[in-house]
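A.B. asks: Need coordinates for the below:
(one chain, ligands or ions: 1)
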Amino acid sequence: MIYDLIVIGGGPGGYLAAERAGQAGLSVLLVEKRALGGVCLNEGCIPSKALLNSAKTADYAKVGSKYGVIAENVSIDHKAVVKRKDKVVRTLVAGVSMKMKKNKVTVVNEEAVIQGRSADGFIVKAGETEYTAKRLIIASGSVPSMPPIPGLHEGYKNGFVLTNREILDITEVPEKLVIIGGGVIGLEMASYFNSAGSNVTVVEMLDHIAGPTESDIRTILLNNYKKKGVDFRLSAKVTEITDKEVIFETKEGRQAVPFDKVLVSIGRRPSTEGLGLENIGVETERGRVITDEYMQTNIPGVYAVGDVNGVSMLAHTAYREAEVCINNILGKRDIMRYNAIPSVIYTNPEVGCVGETEESAKEKGLDVEIVKLPLTYSGRYVAESSEMDGIIKVIMNKKYRTILGVHMIGSYASEIIYGAAMMIESEMRVEDIRQIVFPHPTVGEVLKEIMWEL
Ligand code: NAI
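C.D. replies: This is a model prediction of the structure:
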C-alpha cells in the first residue's frame, strides 16, 4: 500500500498532523520509536505540570494562615506525586492513541529511517518493514543539549546527572539539587524541588534567569525564588562536574557547590541523527531542518514541524505548524506566523508573555509606547494573593495603536495570555480592546484596564 502521508514522530507536532490528515480522509502512517505524545506528554509539559500543581498546593497550604486556614506540618509526599503524575501521563497517552484510532491513523512503534525515494514516493523503514508515502512529515522533536563539560557525561552515565527525562522519575527528593541552566526547565524544576524541600542552587551562564523574558518580569521572578530560598549563581560558567560538586567560574573566581543530584537544562537541540535525511537531500542548518512558511523543506512533499525545525521549541507552536502543514497538503493555503506565540513559565507566581519585549522593540527600532500596571488593579488578585508583586506590561505600536507585546507575572497569567495573543494576532487597536467587556472580578481584567493607560 502507498500511504498519502508518513509522519515521523508522535509528539504534539506529529500526532496533531496525523490526526488532522486522518480527519481529512488521507491514509496516514505514524511512526514513533518511544511513546505517543512525545516529550511534551511523557517527559515535559504535562508531567512537570502535575508536579508543579502539587508544589502549588503545598505552597498555598504553607501560607494558609495568611488566609485564615491552618494547615500544620505541610510536606510533599514525593512518591505519591510521581505516582499521580504517571497516572496523568498514562491517561493522556491513551487519549492520543484513541484519537489515532478514531481518525484511522496506523501507528507503528519503531524507529523510522528514511531510505530514499522511488517513483511511488518516499521510502521509510520502520523496524524490518519498508513503507512508502507520497508525502512525509518530519516531527522528530528535540533532545537535551549535553555540552562537553568535563564530568557531565560520566555523571549522566552514573545516574547523578539528570536531564528533564530522568528528573521526573526520581523517587527521592534530593537534599541538594544543583540545576545547570536557569531557563524554563531549570526554573520549573527549581520551583517544584524547592517546594518539595530540596536545597536548590541554579547555576546560570547569563547575568539573568529566564532567557529572553521581559526584564521586569524576570527580576520579580528571581526575587520571589530568592525569598523562597533558591540560591542563584549568575554569570557563572560551569567548568567541571566531579562526583560531588559542580565547579564554575564567576567574576569572583572559581566556586563549587556540592550536590546529591544535578539537573542539566541548558537548552535542547533538534533531533535529526540517524533519520536518513541525507538519503533524500533534506537541507539542515546546524542540525535543524530548514522550513519555509508553509512548513515545507527544500524537498517538495517533505515537511518538518515542531522542535526539529528549531524555530520556536514549544508544543503549541508545533500544533499550529502541524495545522499549517496539513492545510497546505490539502491545498488550502495557510501560512505560519511566529509573532504572537505565547510563552509561559509555570512557576509560582506564573509568567505569561507574548510578542515584543521592551528590549526586542528597542533592538528593532520600533516606535513604541510602554506601560506597566501592578496586578493589584484587579480586585480578585488582591482578594486571593498573599504576595502582591505581580505586574502586567504592554508594548504598543505608537503609530497604529496596536498591541505588540504583553507580559505578565502573577496568578492565572498562563490562562490570560492567550487573550493578549488574540489581540496581537488580530491586530486589534487599543480603542477596540477598550470596548470588550471582561468578566469581573478576574485577574484578566487588568488587560483591559491597562488599555486606559495608553
Ligand atoms: P532554555 O533555553 O529555556 O534555557 C537554558 C538556559 O541555560 C539559558 O538561560 C542559558 O543561558 C543557560 N545555559 C546554557 N549553557 C549553560 C552553561 N554551560 N552553564 C550554565 N547555564 C547555561 O532551555 P531549557 O530550560 O533547557 O528548555 C528547553 C526547551 O524546552 C526550551 O525550548 C523551552 O522553551 C522548552 N520548555 C518550555 C516550557 C514551557 O513552555 N513552559 C517548559 C519546559 C521547557
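A.B. asks: which SS class is Y294?
C.D. replies: Following DSSP: H, G, I helix; E, B strand; the rest coil, we place Y294 in the coil state.
A.B. asks: Grab the nearest non-local neighbour of it.
C.D. replies: Spatially, and ignoring its direct neighbours in sequence, Y294 is nearest to N328 (4.5 Å; CB to CB, 6 or more residues apart in numbering). Just so you know, the C-beta spots here come from the backbone N, C-alpha and C atoms, and that holds for glycine as well.
A.B. asks: Would you confirm that that neighbour contacts D292?
C.D. replies: No - here N328 does not reach D292: they are 9.8 Å apart, not a contact under CB atoms under 8 Å.
A.B. asks: who's more crowded, these two?
C.D. replies: Just comparing N328 and D292: by other CB atoms under 10 Å the higher neighbour count belongs to N328, 19 against 12.
A.B. asks: quick one, what contacts that one?
C.D. replies: N328 makes contacts with 294-296, 303, 334, as judged by CB atoms under 8 Å, 6 or more residues apart in numbering.
A.B. asks: still on that earlier bit, which strand or helix spans the residue nearest to Y294?
C.D. replies: Element membership of N328 [criterion: DSSP states H and E] is helix 315-329.
A.B. asks: Extract the C-alpha trace of that helix and format it as PDB.
C.D. replies: Extracted as PDB, the C-alpha positions of helix 315-329 are listed here (Å, rounded to 0.1, in the frame of the first residue of the first chain):
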ATOM      1  CA  ALA A 315       4.400  22.300  21.900                       C
ATOM      2  CA  HIS A 316       1.800  24.900  20.900                       C
ATOM      3  CA  THR A 317       4.000  26.200  18.100                       C
ATOM      4  CA  ALA A 318       4.200  22.600  16.900                       C
ATOM      5  CA  TYR A 319       0.400  22.300  17.000                       C
ATOM      6  CA  ARG A 320       0.000  25.300  14.800                       C
ATOM      7  CA  GLU A 321       2.800  24.300  12.400                       C
ATOM      8  CA  ALA A 322       1.100  20.900  12.000                       C
ATOM      9  CA  GLU A 323      -2.200  22.600  11.100                       C
ATOM     10  CA  VAL A 324      -0.400  24.900   8.600                       C
ATOM     11  CA  CYS A 325       1.400  21.900   7.100                       C
ATOM     12  CA  ILE A 326      -1.700  19.800   6.700                       C
ATOM     13  CA  ASN A 327      -3.800  22.700   5.300                       C
ATOM     14  CA  ASN A 328      -1.100  23.200   2.600                       C
ATOM     15  CA  ILE A 329      -1.000  19.500   1.900                       C
END
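A.B. asks: Average pLDDT for that helix, rounded please.
C.D. replies: What helix 315-329 shows for mean pLDDT is 98.
A.B. asks: That helix near the ligand at all?
C.D. replies: No - shown here: helix 315-329 not in contact with the ligand (CB under 6 Å from any ligand atom), separated by at least 7.4 Å.
A.B. asks: hmm, who's touching the lengthiest strand in the chain?
C.D. replies: Longest strand in the chain, counting residues (DSSP state E): strand 129-138. For strand 129-138, the surrounding residues in contact (CB under 8 Å, 6+ apart) are 2-9, 13-14, 17, 29, 31, 108, 110, 114-115, 118, 120-125, 272, 275, 277, 282, 289, 297, 301-305, 308, 322, 325, 329.
A.B. asks: Pull out the buried members of the residues you listed.
C.D. replies: Among these, the ones that count as buried by 16 or more other CB atoms under 10 Å are 3-9, 13-14, 17, 29, 31, 108, 114-115, 121-125, 272, 275, 277, 282, 289, 297, 301-305, 308, 322, 325, 329.
A.B. asks: Sort out for me which of the residues you listed are in strands.
C.D. replies: Those of the buried ones among the contacts of strand 129-138 lying in strands (DSSP E): 3-8, 29, 31, 108, 114-115, 121-125, 289, 302-304.
A.B. asks: The residues you listed also near the ligand: which ones?
C.D. replies: Among those, no residue is within reach of the ligand (CB under 6 Å from any ligand atom).
A.B. asks: Would you map the helices across the stretch 351-454 of the chain?
C.D. replies: Remark: helices assigned in the stretch 351-454 of the chain by DSSP state H, counting those that start in this stretch are 358-363, 379-384, 413-425, 430-434, 446-449.
A.B. asks: that older thread, relative to strand 2-8, how tilted is the longest strand of the chain?
C.D. replies: Counting by axes from the mean of the first three to the mean of the last three CA atoms, to 10 degrees, strand 129-138 lies at 60 degrees to strand 2-8.
A.B. asks: Thanks a lot, see you next time.
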